[in-house]
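Trainee: Could you look at this predicted model? Sequence included:
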Amino acid sequence: MAYLLAWVVGAGPAPWPTDAASATPERFLHRRRLLAIVAALLLSGCQVSIYSPTTSSAAPTRDYTVRSADSQLPPKTETVRAIDVLSARLETLGVGVFSSAAGEAITFTIPASANEMAVRAVLSTTGQVTFVPLPAAEYGTPERPGQLKAVVGKPLPSQEAVLFRGDQIADARATTNASGGPQLTIQLASNGARLFATYSSAHIGEFFAIVLDGRVVAAPVIQMEITDGTLAMTLVPDSPPMPIDALAAVLASGPLPDSWKQGP
């Protein structure tokens, strides 16, 4: 494997409060200032540790360590970028965090109360996203199944043209539908919204796939023309390869740099 993800349980200072009331803009500004300091120090050749404000020295924590691709020393600018992407994912999950970066590894110290599965998912995913139309001639429709099928958790069985990539995701959130079921809502950026409006108007009733790091994470049916760039997908419980809030966090944050690529 090209990465190692490990954790240990211990006692340590609690990071930022994770409740919404405490997640003030000042706290996020504080993190951005810390990251700016990290960037300067890393670029000057220093090893860096960042500590968040503490609230209780008795709160248990877990350490999660993410290693660079092939455990090689990455460029310092890419390490700073990786810290920013991973921190953004954890913030989207509502996790307060302080982190330390040294050489080929980044360690995040996180409250033990955080959802371990979601944390592991966001830290061990590269985040390369593609939106792929699935031609009805090959993949069929809900009424007329085709010879091929997009299966969640597996690569597409055929090479298909990509409509656009993850840089066209402006935001992604785990939400609920009218029935209270789990839903993934993606807001596309302007160019992606334009491309999807054109495609969806001509392919109502057909499938398209969202592919993350080479594997399908959703293959919904286009129910109508979508002109506002908002994609709302009701997901079958346990169908995504990771918790829905973790999937949304990865989609919204962008990919890790090549030197911090995760996976086999």
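Mentor: Received, thanks.

Trainee: what about the strands in the stretch 51-200 of the chain?
Mentor: 60-67, 98-102, 105-111, 129-133, 164-165, 169-176, 182-188 (DSSP state E, counting those that start in this stretch).

Trainee: In CSV: those, plus distance to R81.
Mentor: Where you see a C-beta, it was placed from the backbone N, CA and C, and this is true even at glycine. Output for those, formatted as CSV (distance: least, C-beta to C-beta, whole Å):
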stretch, distance to R81
strand 60-67, 13
strand 98-102, 11
strand 105-111, 11
strand 129-133, 17
strand 164-165, 17
strand 169-176, 17
strand 182-188, 23
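
Trainee: Mean pLDDT lowest where, among these?
Mentor: Ranked by mean pLDDT, the strands of the stretch 51-200 of the chain bottom out at strand 98-102, with a mean of 61.

Trainee: elements contacting the helix or strand hosting L251?
Mentor: Assigning secondary structure by DSSP states H and E places L251 in helix 244-253. For helix 244-253, the packing partners by 3 or more C-beta pairs under 8 Å, 6 or more residues apart in numbering; DSSP states H and E come out as helix 76-92, helix 116-123, strand 169-176, strand 182-188, strand 208-212.

Trainee: looking at those, which is closest to L251?
Mentor: Closest approach to L251 among those (C-beta to C-beta): strand 169-176, 3.8 Å.

Trainee: quick one: secondary structure of M233?
Mentor: Assigned state for M233: strand (three-state reduction, DSSP: H, G, I helix; E, B strand; the rest coil).

Trainee: Could you list the low-pLDDT ranges of the stretch 101-250 of the chain?
Mentor: Applying pLDDT under 70 to the stretch 101-250 of the chain flags residues 101-102, 237-239.

Trainee: ok, now which residue in this structure is the farthest from the centroid?
Mentor: R144 (33.2 Å; C-alpha atoms, centre = their mean).

Trainee: how far away is it from F207?
Mentor: In this view, R144 and F207 are 12 Å apart by C-beta to C-beta, to the nearest Å.

Trainee: still on that earlier bit, so how far is the helix holding L251 off the chain centroid?
Mentor: Centroid separation between helix 244-253 and its chain, computed with C-alpha atoms, centre = their mean, to the nearest Å, is 4 Å.

Trainee: burial count for S179?
Mentor: Counted with other C-beta atoms under 10 Å, residues neighbouring S179 total 7.

Trainee: do the same with A232
Mentor: By other C-beta under 10 Å, the residues close to A232 number 15.

Trainee: Equivalent analysis for A136, please.
Mentor: If we define neighbours as other C-beta under 10 Å, then A136 has 14 of them.
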